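*Asks:* This is a predicted model, with the sequence first.
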Amino acid sequence: MSDSSTQLHSVSVAAAIVDDDDRVLAIRRRDNAHWQPPGGILDCHETIPEGLVREVREETGVAVELGALTGVYKNVVRGIVALVFRCRALNEPLASTAEVQEIRWLDRAELAARMDEAYAIRMLGALEAGPTRVRAHDGVALLANG
């Protein structure tokens, strides 16, 4: 049994912002040039919806309407638990922001081709009907037992 007082976790939120053509809004980060859904780590003082709305606006300029929780994903390497929500955009995204070099609507094939599996699976899962998914990954790929 491990000592839980030394195990730290953080909680992040991500938005699967879906348009009428079943595409998902994705960002390409400035710091590592990777494609991901908009989102980030929650601040201690904010609620989950507040954090999601803040992160999406900072990274894309988009105001969102939150929908269903579509997935809970744990990065077992970094100790981050990510909550993914399907959302609807209330305005058009910016072309780029201080944190993001590119913002694009991606279809299913583009999501799978551009994002690491750990991120693509979150967005593809949000496009499917069904129960909330609970999975684990190592930061890049899903774990077989997760």
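*Replies:* Arrived safely.

*Asks:* where exactly do the strands run in the chain?
*Replies:* Using DSSP state E, the strands found in the chain span residues 10-17, 24-29, 35-36, 39-41, 64-75, 80-89, 100-106, 133-137.

*Asks:* For Ala120, find the nearest of these.
*Replies:* Set against Ala120 and scored by C-beta to C-beta, those come closest in strand 35-36, at 8.6 Å. Where you see a C-beta, it was placed from the backbone N, CA and C, and this is true even at glycine.

*Asks:* any idea of the mean pLDDT in the closest one?
*Replies:* For strand 35-36, mean pLDDT rounds to 98.

*Asks:* The strands of the chain into CSV, with extra columns for distance to Glu50 and mean neighbour count?
*Replies:* Conversion of those to CSV gives the following (distance: least, C-beta to C-beta, whole Å; neighbours: other C-beta atoms under 10 Å):
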stretch, distance to Glu50, mean neighbour count
strand 10-17, 10, 22
strand 24-29, 19, 22
strand 35-36, 20, 21
strand 39-41, 12, 19
strand 64-75, 10, 18
strand 80-89, 13, 20
strand 100-106, 20, 17
strand 133-137, 23, 16
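
*Asks:* Need the ones you listed in CSV (columns: distance to Pro49).
*Replies:* Shown next, in CSV, are those (distance: least, C-beta to C-beta, whole Å):
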stretch, distance to Pro49
strand 10-17, 9
strand 24-29, 18
strand 35-36, 20
strand 39-41, 12
strand 64-75, 6
strand 80-89, 8
strand 100-106, 21
strand 133-137, 20
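
*Asks:* Out of the ones you listed, flag the one nearest Ala112.
*Replies:* When the strands of the chain are ranked by proximity to Ala112, the top entry is strand 100-106, at 9.2 Å, counting by C-beta to C-beta.

*Asks:* residue ranges with poor pLDDT in this protein?
*Replies:* Applying pLDDT under 70 to the chain flags residues 1-6, 146.

*Asks:* could I have stretch 25-40 exported to CSV, CA atoms only?
*Replies:* Taking C-alpha atoms only, stretch 25-40 is exported to CSV below (Å, rounded to 0.1, in the frame of the first residue of the first chain):
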residue,chain,number,x,y,z
LEU,A,25,-12.1,22.2,-32.8
ALA,A,26,-8.5,21.5,-32.2
ILE,A,27,-5.5,23.6,-31.2
ARG,A,28,-1.8,23.3,-32.1
ARG,A,29,0.2,24.5,-29.1
ARG,A,30,3.0,27.0,-29.5
ASP,A,31,5.3,25.3,-26.9
ASN,A,32,5.5,21.8,-28.5
ALA,A,33,3.6,22.1,-31.9
HIS,A,34,1.3,19.2,-30.8
TRP,A,35,-2.4,19.1,-31.7
GLN,A,36,-4.8,18.8,-28.8
PRO,A,37,-8.3,19.7,-27.7
PRO,A,38,-8.5,23.1,-25.9
GLY,A,39,-8.3,22.8,-22.2
GLY,A,40,-5.9,22.7,-19.2
